[in-house]
Structure formats: C-alpha cells, structure tokens
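Visitor: Predicted coordinates and the sequence they were generated for:
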Amino acid sequence: MPSGLLGPDHFPKAQANVPGQKALDARQVGIRLTTTFLSLRTMLMVVAAFGLAAAGDAPAHAQSAAAPIPDSLPKSDGDAAVTKSPGAAGPSIFPARQRPAAADAPRLACSFWAPVCVHAEANVSDVSLEHVLHSAERFYRVTSALGLPQPLPDGRLGGDDRYDIYLLSEPAVSITISDWMPAGRVWDQASAFTILPPPVAPFACDSEAAVARGLTRAAMLRLDAGIEDAALAMAEAHLADVVTDCASASIAAVDDFQRFPERRLGFRHADEATGAFLFGRYLDDTYGIGFPGGVLSSLLAVSAQRSPRDALHFANEPDLFDALRSNTRARGKPIEDLLLEFAVNRAFVGSRSDDGHLVDVAKYGDAGRVRFEWNIPHATLPRRLAPLRPIEPTGATYLWVDLQGAPEDIDLGFVADWEAGVLFHWAVVKVDAHGIEMGRITIAGIRGATHAERSIVGLRGVAGLIVVGVNVGSIDRSHPYDPDELEMARSYTVTLIR
C-alpha cells in the first residue's frame, strides 16, 4: 500500500457481535445560569472585527469585548427569545480559595520583561523556579506574537500587578482560581492566580503545558469571568498545545477524547487537558484567518456580559455556543451542521488520517483513532445496533460497516431512532480502499421527530461505511443546547438493511 494511504485495516476489524470496549461512564457537570444577551447585530460586528465573519485584525486583549449589551438575543433558528429558569445562577463571584500568604511561598522570581512572577515554598529548588518562570515567559512571548489575550493585572493582590504563579506541594494538582471581583462592573472579567505542584528535574514538557493551561485560563477569565468550564477546558488545552507542542500531553488528551466520543465537548477530568482542543483547531481551520487560537478567544470575547450589581453569581449568557450559533447562522450554516462536520473529521484522526480533514493529526497515531461502537461485515445485515453508553449533547457515535467482498450493485437501508427530547443528525461516509473519503450522505433529524431513514446507494468501489451520529441538543427552539445546564444523555438504535 502506498505510504500515507489508509485502507480498511486501519479502521476497526469487522466483528459480528462485539460492541465497543467497556470504559468508565462519562461524568456530567452543569449549572443553570441567568440571562443577559448580546444582540445578533452587535455580535456579528464584533465577530467580523476578529475575522470570524470577515478577515480582519488579530483580537485585542480585554478591549476586544467592549460593546454594549442589549437585553436579549435569540438563541435558536426561531424567533423566540431564550428564557432561563428562575433563580438559575452562574459561577460565584467569590474565589474558590484565597491566595497563598507570603509566608507560605517566601521564594520569589520575576521576569524582567513579561508581567509574571513565580512564588515558591522554601524547599523548592532554583532550577524548578527558573523552569516555571521560563515556561510562563514563553506563553507571553507566543501570545504577544499572535495577538491573543493575556491575564488581567491583579491590582497588586500578589504584591504588584504582575501575574502570580505559586509552587506549592498542596494541593497536588494544578489549579487556576479567579480573584474576587464584584459584579456590576462594565464587563464581567476577573484577574486570577495559578497554583502548581513544584516540577521535579529532569523536566518534561508536561509541566510547561500545565503552566500554559493555567495562564490561558486566566486570560479567558479576563474576557469573561462567568465562562463555562467546557469552554475554558477547550481554550486552555488548545492554546497550551500551540504554545508548548507537548506531544505527551496532547496525545494523552486526544486518546481520552477519542476513546469516549459520546461525551460532551469540553469534558475533562480535573487538572487534565481535554482532547476537545481538536474542536478549537477545527474552528481555526474553518473560520480562522491564519493564527491558532484566534477563533475561540474571539468567540469568548463577543460572548462577554455584565451581571447585576447585587449579584452573587456571574451570568454566563450568551455563552460560547450562543456566539458560535449566531455566527454560523449568519453564514447560512446551522450549528448542527457544524457539529456533524466536526464529528466526521474526528473519524480521520491519528493513523486513520487521510490528510483531507483535520490538519496535522496523523502524529497522534493509534491514540487518535476514534472508538467505534460496532464493526460489522455486510454479510451479517440486516442488523439493529445500539451504543454501549448514551450520547451526551454535542457527543458523537460511530459505526463501521465493512463492504469488502460485497456485490458492486449493493444498496443499503439506514433507519435511526432515538430517545425523545433531543435531535440527532447523521452522516454516512463512504471510504475507499485507501481510507480516503469518497463522499457522504447527511441525514438531518427533524425537530419533534425521533426517527430518520435513508437509502444508501452508489456503493461501487466503496470499501466501507462510517456511520456518524451527533446529539445536537434539545429540540426546543427557544432553549437550545446550553453547556452550563445539565442535560441527560440519550441513546439510539440504528438499523442497517441489505
């Protein structure tokens, strides 16, 4: 086989009755948030300035979000305005913990040119202190060159305005915490600080990636103090991958992301990068103007808001998906189509890459291969298939149908049924003997229905089919998918008929 080309052997071997491998159930975390929306017109004007709706300048820092906030913004393709549950609240305006006292981290090293200082316990070595400081300087150097946002000055909370990183043995995980910022300011934005366990020589790039993730999180809190955790997870992992290009961190994140495709975008375990940075990379490829991380940071900038002065929690409306929904709708492409397109791209990551979908993903090798729920030969059809676990909103599911040895004039029937309350969109991707996409058939779900079907024809020369499904969220036009709200996962069945 020619080098770089992928045949069906690179996809899962066909098995008659073996579902996907068993793994831990995905965990769901969500909170209901209050409502304050940007207008569509204002959003598109600001988005255009960032190059989402048209090519323009690179995004600025906090000033990028300086636009008035009207009272409401439709969140769906319909005309109905979004309503929130009474009493819904976003992140607390109070910090999760106080900054460490100076006595807890008496050692100090500050950069001569970057606005960052590293505080450390007395037993932390000089080389560890310098390693973290140099990693932080690298973050500032890259973000300055790309015009990406940087953390908000903290008003001398850590001794001066510079960003503060604390190297402490407790807690044993990396955390970035926002400072107390009262609501009612011009914009909901917050300074922050990062606590890291002291790295131990010899240093791996994982510690550099942890520094980059912490600083990115702080920079996103500058744009929106009420930002949802899923958006923070995607943004910090995406920019950390750009800044450090740490293979060990990114491969582990991609492996976890692809092993559990049914999870929502942005799912992650504490103190771990999420492979959902691939979604940020996909947005850069689709909407970007040539510099990495620009689209996500721009979307977060235009989704900023102002919470009431007497609020104890930040509002987070609009959120990242509201901004993305408005921009895609303005381009005539619903966000549901975008999610399905990304899900198809996920099938061609790692050793299955055909260099025609996501860029620079072959490096992830077998760790980048998405998990298929079922891998079945055509001779076993008809079959009715169900997933091992239900699919969360924005999560995806994959089936492989092996057509090797099938008659050239074979036609198939596709029937999908799913649980009520959400909408599934589907794609059937035709793959040739080299693992390259030959074409696809898309089957959009209809709001109010839980059934879709289509005849699959024109399979001459096709080596296999990838059936891709995406849970695109609630069927309620007035209340589409919100990443801050706990939404139940839904299951489905797919029937394939010869």
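Guide: It's in.
Visitor: And stretch 364-371, end to end?
Guide: End-to-end distance of stretch 364-371 (C-alpha to C-alpha, to the nearest Å): 14 Å.
Visitor: Make 16 the starting number, not 1.
Guide: Shifting the count to begin at 16 puts that one at stretch 379-386.
Visitor: And stretch 464-484, what's buried?
Guide: 465, 467, 471, 474, 477, 478, 479, 480, 481, 482, 483, 484 (16 or more other C-beta atoms under 10 Å). Glycine gets a C-beta too; all of them are placed from N, C-alpha and C.
Visitor: Helix or strand for the fifth one, just tell me which one.
Guide: Using DSSP states H and E, no element contains residue 477; it sits outside every helix and strand.
Visitor: Would you check that it makes contact with residue 453?
Guide: Yes: using C-beta atoms under 8 Å, residue 477 makes contact with residue 453 at a distance of 6.3 Å.
Visitor: Need the overlap of contacts for those two.
Guide: Listed contacts common to residue 477 and residue 453 are 445, 446, 447; contacts here mean C-beta atoms under 8 Å, 6 or more residues apart in numbering.
Visitor: Show me where the stretch 366-513 of the chain has its strands.
Guide: 389-392, 398-400, 411-417, 427-433, 437-446, 452-458, 466-471, 479-489, 507-512 (DSSP state E, counting those that start in this stretch).
Visitor: ok, and for the last one, which residues are buried?
Guide: If you call a residue buried by 16+ other C-beta under 10 Å, then strand 507-512 has these buried ones: 507, 509, 511.
Visitor: Relative to it, what are the paired strands and their orientations?
Guide: Strand 507-512 pairs in its sheet with strand 398-400 (antiparallel), strand 427-433 (antiparallel), by DSSP bridges.
Visitor: Need the winner for burial among those strands.
Guide: Comparing the strands paired with strand 507-512 by mean neighbour count (mean count of other C-beta atoms under 10 Å), strand 427-433 ranks first with a mean of 19.
Visitor: average pLDDT for it?
Guide: Mean per-residue pLDDT for strand 427-433: 98.
Visitor: quick check, distance from that strand to the centre of its chain.
Guide: How far strand 427-433 lies from its chain's middle: 29 Å, per C-alpha atoms, centre = their mean, to the nearest Å.
Visitor: Please work out the angle formed by the directions of that strand and strand 411-417.
Guide: Going by axes from the mean of the first three to the mean of the last three C-alpha atoms, to 10 degrees, strand 427-433 is angled at 160 degrees with respect to strand 411-417.
Visitor: ok so, going back, can I get the buried residues of stretch 464-484 in CSV with pLDDT and distance to residue 131?
Guide: Formatted as CSV, the buried residues of stretch 464-484 follow (pLDDT from 0 to 100; distance: C-beta to C-beta, whole Å):
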residue, pLDDT, distance to residue 131
465, 95, 52
467, 96, 52
471, 96, 56
474, 94, 58
477, 95, 54
478, 95, 53
479, 97, 51
480, 98, 51
481, 98, 45
482, 98, 48
483, 98, 43
484, 98, 45
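Visitor: Of those, which is the nearest to residue 402?
Guide: residue 484 (8.8 Å; C-beta to C-beta).
Visitor: Could I get the strands paired with strand 507-512 in TSV, plus columns for distance to residue 132?
Guide: Converted to TSV, the strands paired with strand 507-512 look like this (distance: least, C-beta to C-beta, whole Å):
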stretch	distance to residue 132
strand 398-400	56
strand 427-433	52
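Visitor: coming back round to it: show me which of the buried residues of stretch 464-484 is closest to residue 245.
Guide: residue 484 (20.3 Å).
Visitor: any idea how far that closest one is from residue 423?
Guide: For residue 484, the distance to residue 423 (C-beta to C-beta, to the nearest Å) stands at 27 Å.
Visitor: next one: residue 378
Guide: Using C-beta to C-beta, one obtains 36 Å as the distance from residue 378 to residue 423.
Visitor: Please apply the same query to residue 400.
Guide: Noted for residue 400: a distance of 25 Å to residue 423, by C-beta to C-beta.
Visitor: shaky segments in the stretch 16-165 of the chain?
Guide: For the stretch 16-165 of the chain, the stretches with pLDDT under 70 are 16-105.
Visitor: Out of the strands paired with strand 507-512, which gets nearest to residue 189?
Guide: strand 427-433 (38.2 Å).
Visitor: Could you check the angle that closest one makes with strand 452-458?
Guide: Angle, strand 427-433 to strand 452-458, by the same axes, to 10 degrees: 50 degrees.
Visitor: outside of strand 427-433, which residues touch it?
Guide: 393, 396, 416, 439, 441, 443, 458, 460, 465-471, 474, 480, 482, 484, 486, 505-513.
Visitor: rewinding a little: among the shared contacts of residue 477 and residue 453, which one has the most neighbours?
Guide: Among the shared contacts of residue 477 and residue 453, the one with the most neighbours (other C-beta atoms under 10 Å) is residue 446, at 28 neighbours.
Visitor: Wait, that one touches residue 480, no?
Guide: Yes: with contact defined as C-beta under 8 Å, residue 446 counts as touching residue 480 (7.0 Å).
Visitor: Please, where are all the strands along the stretch 166-315 of the chain?
Guide: Under the criterion DSSP E, counting those that start in this stretch, the stretch 166-315 of the chain carries strands at the ranges 178-182, 190-193, 207-211.
Visitor: Many thanks, have a good one.
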